[in-house]
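Asks: Just to be clear, the model below is a prediction. Sequence and coordinates:
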Amino acid sequence: MGNPLNLPFDPIERAHENWTRRWGANPAMAAVTSIMRAQQILLGQLDAALKPYELTFARYEALVLLTFSSTGALPLGKIGERLMVHPTSVTNTIDRLERQGFVRRKPNPSDGRGTLAEITDSGRQVVEDATRDLTAMDFGLDCYSDEENWRIHAMFTKLRVEFGDFPADKGGAAGR
């Protein structure tokens, strides 16, 4: 759903008006619906920018995570934990990246039963190229200033802390 709707009205505002008539005003309903539409828009833009590299944003994130690791390799479980996705999603992601030659699996020397995903030289190169393109488009958020992007980040950090993703004092956004 990456294409503009080109409607003569805001469907989220219209939905909120209908909601208000039936159940009363609910700014949270309008906010969550806006967030979900923003996610659709951003994912569409990011995936379009990554298409020349035959990547999705999920696979790009996995490659970036591997570039950030000190050895270029991580256990699959750690990848899932860091990317906050189900183990099945990690397996599918690594399978695709391996078929593309961007990662390889190897035994985990610390855990005889475990497997590491290790980024390859071509994986490192595609991360550099794709990152250049995503950065040039400000990850789809080029309609906002840096200050606005930091405020958006801080607002969602609060939600993630309240959910229990991490303690409030570990967020890092408070000092910006």
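Replies: Sure thing, it's come through. Numbering: from 1, shown residues only.
Asks: Please spell out which residues along the least confident helix or strand in the chain by mean pLDDT are buried.
Replies: Ranking every helix and strand in the chain by mean pLDDT, DSSP states H and E puts strand 111-119 at the bottom, with a mean of 89. For strand 111-119, burial by neighbour count (16 or more other Cβ atoms under 10 Å) applies to 115-119. Where you see a C-beta, it was placed from the backbone N, CA and C, and this is true even at glycine.
Asks: now stretch 17-28
Replies: With the criterion 16+ other Cβ under 10 Å, stretch 17-28 contains no buried residue.
Asks: Same question for stretch 133-152.
Replies: 134, 140.
Asks: Can you give me the buried ones in stretch 152-163?
Replies: 157, 161.
Asks: Export whichever strand or helix holds Leu42 to CSV, keeping only CA atoms.
Replies: According to DSSP states H and E, Leu42 maps onto helix 27-50. Extracted C-alpha coordinates of helix 27-50, given in CSV (Å, rounded to 0.1, in the frame of the first residue of the first chain):
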residue,chain,number,x,y,z
PRO,A,27,-7.5,10.8,20.1
ALA,A,28,-5.8,7.4,20.7
MET,A,29,-7.8,5.8,17.9
ALA,A,30,-6.9,8.6,15.5
ALA,A,31,-3.2,8.4,16.6
VAL,A,32,-2.9,4.6,16.2
THR,A,33,-4.7,4.6,12.8
SER,A,34,-2.3,7.4,11.7
ILE,A,35,0.7,5.4,12.9
MET,A,36,-0.5,2.3,11.1
ARG,A,37,-0.9,4.2,7.8
ALA,A,38,2.5,5.9,8.3
GLN,A,39,4.0,2.4,8.7
GLN,A,40,2.5,1.3,5.4
ILE,A,41,3.8,4.4,3.6
LEU,A,42,7.3,4.2,5.1
LEU,A,43,7.6,0.4,4.4
GLY,A,44,6.5,1.0,0.8
GLN,A,45,9.1,3.7,0.3
LEU,A,46,11.9,1.9,2.0
ASP,A,47,11.2,-1.4,0.2
ALA,A,48,11.1,0.5,-3.1
ALA,A,49,14.5,2.1,-2.4
LEU,A,50,15.9,-1.3,-1.5
